[in-house]
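# my questions are about this predicted structure, shown below with the sequence.
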Amino acid sequence: MLTSGIGNVTSAQRRRQMGHKDDNTLLAYISRTSGVDVQAIISGTPADQDFIDFVASMQTSVDRSAPGAAEISAGACAEA
C-alpha cells in the first residue's frame, strides 16, 4: 500500500499500484510548465511569482482543439 508519498515506495510498487508498464509512464504526469522564474534567476532580478503563477494556470485552460498559428496562416492564404 502507498504511504505518505512517493519517497516511501519502490518503483516496482508504484508501477504495480498505478498499472504502469514502466517508470517512464510516470513522466506523463509531470507538468511541462515550470513554476520558476528562470529569467529572473539568470538576470539576477527579483522573481515575478504572481506572473509565473498566472502563466502556469493558463496551461490548464488551453483549448487543444483550437487551430494553431500555421493553420490560421494557411487559411488566410487560401482566402486571398
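Yep, it's here.
# just checking, which helix or strand of the chain averages the lowest pLDDT?
helix 69-79 (a mean of 66; mean pLDDT, DSSP states H and E).
# now do the helices in this protein.
Under the criterion DSSP state H, helices of the chain are mapped to 11-18, 38-43, 49-58, 69-79.
# quick check: the residue nearest to residue 11 when sequence neighbours are not counted vs residue 12, distance?
Nearest-residue entry for residue 11: residue 23, 5.4 Å, with adjacent residues in sequence omitted and distances by CB to CB, 6 or more residues apart in numbering. C-beta coordinates here come from the backbone N, C-alpha and C atoms, glycine included. Separation of residue 23 from residue 12 (CB to CB, to the nearest Å) stands at 9 Å.
# ditto for residue 71
44 Å.
# picking that back up, okay if I get the helices of the chain as CSV plus mean neighbour count?
CSV is the format used below for the helices of the chain (neighbours: other CB atoms under 10 Å):
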stretch, mean neighbour count
helix 11-18, 12
helix 38-43, 10
helix 49-58, 12
helix 69-79, 9
